[in-house]
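Student: whatever this is, show me its structure:
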Amino acid sequence: MQRLRLFGLVAILVPALATVGLWSSELVHSESTALIKVDGSSTVFPITEAVAEEFQKETRGSVRVTVGISGTGGGFKKFCRGEIDVQDASRPISSSEIEACRAGGVQFYELPIAFDALTIAVSPQATWVDSITVAELKTMWEPSAQGRVTKWNQIRSTWPDQPLKLFGAGSDSGTFDYFTEAVVGKAKSSRGDFTASEDDNTLVQGIANDKQALGYIPFAYYEPNKKRLKAVSIDGGHGPVSPSRETVENGSYQPLSRPLFIYVSTKSAARPEVKRFVEFYLAQVPVLAPQVKYVPLPPQAYALAGEHFKNGRHGTAFQGGSTIGMKIEDLLRREATL
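Tutor: Numbers count the residues shown, from 1 in each chain. Now for the predicted structure:
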């Protein structure tokens, strides 16, 4: 009888222990979460953050995506050292960064994801300014303006005799590179006596809280704060044009309309979770980009990027060149040559 009871107890415990073992195995598996590291542009950050959130829901916690904001330049330094998997960029990779990646043994895919309407913003209290010419912006921002152009009426005589307080992107930002090239004529050529930050939220705060301030920020940071900020129309020689999806799509918002990118390490892309993330990104960004107030590309642009990624066509279509004045159709033609 005792032997019978023992067999009965074993019959009960073995399935139970097997179940515990199975549960324990699943727990260990769920704790070994795969990690994808993204860094770079604060301009691209809202898009990548939105994609990352949806991707993590899709993968039910089996993959964690971290998204930093070191700025485009800061991010490329990490990317070319092989420290991150995906690089957010508000401009194409530069010649020096191409060389740094080559020296670090990092090959990459260049994938355009959206367009931005880089926005000149002031406080709503700055009632005297509604539009500004590119030439006037240059007068404000060129290196020779430092310590010399300090008041609004030095830009336009009808503007007030009040201090001019400038806010802009930090030197590690792709926005800084793009703005200075588009407005001053040379990337990184700028006066230094302005409030600089790679964090666009910091710039929003500074501009909104000072009626004498003027700054430049990505459209995705202006749009949610348009009750606290006023967008200034840009006159590039054909009359004032306001930043919007429509003016980016029709090519009239120049020269501050610009393409945005992600760069993906080919080594990282060999990992299944990174490959899946990039494919998910290209599938979701047409919907998520407008939600965070950027301009999506035409469907054929995402299809082309997907083909390049699938077929291993890595490298850059720009070779360190400029995108100033580039329209959406220009980008499509350029990417088709990669």
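Student: what are the boundaries of the strands in the stretch 201-338 of the chain?
Tutor: Assigned by DSSP state E, counting those that start in this stretch, the stretch 201-338 of the chain shows strands spanning 213-217, 230-235, 240-241, 257-265, 295-296.
Student: list the neighbouring strands of the first one plus their orientation.
Tutor: The pairing partners recorded for strand 213-217 under DSSP bridges are strand 119-122 (antiparallel), strand 165-169 (parallel).
Student: out of the strands of the stretch 201-338 of the chain, which comes closest to residue 165?
Tutor: Evaluated with CB to CB, the strands of the stretch 201-338 of the chain place strand 213-217 nearest to residue 165, the distance being 4.5 Å. Any C-beta I mention is one placed from the backbone N, CA and C, and that applies to glycine too.
Student: now tabulate the strands paired with strand 213-217 in CSV and tack on distance to residue 55 and mean pLDDT.
Tutor: Output for these, formatted as CSV (distance: least, CB to CB, whole Å; pLDDT from 0 to 100):
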stretch, distance to residue 55, mean pLDDT
strand 119-122, 28, 98
strand 165-169, 28, 97
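Student: give me whichever of those strands is most buried.
Tutor: strand 119-122 (a mean of 25; mean count of other CB atoms under 10 Å).
Student: which residue is the nearest non-sequential neighbour of the residue nearest the centre of the chain?
Tutor: Closest to where the C-alpha atoms of the chain average out (CA atoms, centre = their mean) is residue 44, at 1.4 Å. Excluding its sequence neighbours, the residue lying closest to residue 44 (CB to CB, 6 or more residues apart in numbering) is residue 88, at 3.6 Å.
Student: how far off centre is whichever strand or helix holds the one you found?
Tutor: Take DSSP states H and E as the rule and residue 88 turns out to sit in strand 86-89. Offset of strand 86-89 from its chain centre (CA atoms, centre = their mean, to the nearest Å): 7 Å.
Student: can you name the next helix or strand after that strand?
Tutor: helix 95-103.
Student: could I get the average pLDDT for that next one?
Tutor: Mean pLDDT, computed over helix 95-103, is 97.
Student: how about stretch 142-153?
Tutor: On average, stretch 142-153 scores 98.
Student: okay, buried residues for it please.
Tutor: For stretch 142-153, a neighbour-count test (16 or more other CB atoms under 10 Å) marks 142, 145, 149, 152 as buried.
Student: just to revisit the earlier point, now for the strand holding residue 88, which elements pack on it?
Tutor: strand 34-40, helix 45-58, helix 72-80, strand 257-265, helix 272-291 (3 or more CB pairs under 8 Å, 6 or more residues apart in numbering; DSSP states H and E).
Student: give the residue spans of the stretch 151-300 of the chain that score low on pLDDT.
Tutor: Within the stretch 151-300 of the chain, no stretch has pLDDT under 70.
Student: check the stretch 1-150 of the chain too.
Tutor: In the stretch 1-150 of the chain (pLDDT under 70), the answer is 1-31.
Student: in contact with the residue nearest to the centre of the chain, which residues?
Tutor: By CB atoms under 8 Å, 6 or more residues apart in numbering, residue 44 lies in contact with 88-90, 113, 260-262.
Student: can you do 7 Å?
Tutor: The contact partners of residue 44, by CB atoms under 7 Å, 6 or more residues apart in numbering, come to 88-90, 260, 262.
Student: again with residue 112
Tutor: Contact analysis of residue 112 by CB under 7 Å, 6+ apart lists 259, 261, 297, 301, 305, 331, 335.
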